[in-house]
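Q: Show me the folded form of this:
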Amino acid sequence: QINQRYKKVLETLAEKSGWNQPKVAGIGRGVAIGNDRKSIAAAVIEVTVVDNKIQVKKVTQVIDAGLAINPEGIRQQVEGATMMGITAALYEGLEVKDGQIVATNFHQYPVAMLSDTPEIEVIILEGHDEPYGVGEPPLAPVAPAIAAAVFDLTGKNLRSLPLKFS
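A: Here you go, the predicted model:
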């Protein structure tokens with residue numbers, strides 16, 4: 001049954017994200033899928049690069065978290081996890097200088113801002129008759145989908161977080 005859930009999530013994602021449509025010039029697309037707490041989450045992410053910086057333009061996330069008791073709450077959790085994933089993928093990093101952590105407080109610790117928020121589309125599927133976790137499962141596909149989109153656009157395989165061009 002789990003394979004059928006994976007298949008349905010990926011088929012829905014391909015349809016809703018326009019994966020089979022021609023690519024737009026200057027936009028890279030990447031896809032990733034994860035399974036956490038029995039929830040399956042997959043994302044197609046579109047990026048562009050401006051002034052050597054990665055910008056996420058659109059995220060399409062499909063989640064099958066079993067029985068959807070509160071669909072609006074699920075949508076909000078997926079949006080929040082998506083932004084947390086963008087932060088982890090593009091901004092967060094622990095810099096150490098002379099044996100000390102450089103960021104001494106949150107004002108020195110970069111995170112995604114409201115201005116970094118892309119278009120986010122959330123599609124909720126119900127693949128089981130009991131509810132599963134929703135808080136962190138949609139976080140799993142974000143960074144790998146961004147990395148895949150960057151590779152699609154630039155041919156560069158960025159393999160460490162935060163994703164940056166050296």
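Q: Could you measure from the nearest residue in space to residue 85 that is not next to it in sequence over to residue 150?
A: Distances taken as Cβ to Cβ, 6 or more residues apart in numbering place residue 142 nearest to residue 85, at 2.6 Å, with adjacent residues excluded. For glycine as for every other residue, the C-beta is placed from the backbone atoms N, C-alpha and C. Distance of residue 142 to residue 150, given as Cβ to Cβ, to the nearest Å: 13 Å.
Q: Also residue 96?
A: Noted for residue 96: a distance of 26 Å to residue 150, by Cβ to Cβ.
Q: Tell me which of the two has more neighbours.
A: With neighbours defined as other Cβ atoms under 10 Å, residue 96 and residue 150 compare such that residue 150 has more, 23 against 9.
Q: For this structure, which segments count as helices?
A: 2-17, 71-90, 142-154 (DSSP state H).
Q: ok, and which of these has the densest surroundings?
A: Among those, the stretch with the highest mean neighbour count (mean count of other Cβ atoms under 10 Å) is helix 142-154, at a mean of 22.
Q: So which residue is smack in the middle of the protein?
A: residue 142 (2.0 Å; Cα atoms, centre = their mean).
Q: was I right about that residue contacting residue 80?
A: No. Between residue 142 and residue 80 there is no contact under Cβ atoms under 8 Å: 11.4 Å.
Q: Mind pulling the model confidence for residue 39?
A: Per-residue pLDDT puts residue 39 at 95.
Q: That one - how many residues pack around it?
A: 25.
Q: Any idea what it is bridged to?
A: Counting by DSSP bridges, residue 39 is bridged to residue 36.
Q: Contacts only, for it.
A: By Cβ atoms under 8 Å, 6 or more residues apart in numbering, the residues touching residue 39 are 63-66, 132-134, 137-138.
Q: Show me which of these has the smallest pLDDT value.
A: Among the contacts of residue 39, residue 133 has the lowest pLDDT, at 91.
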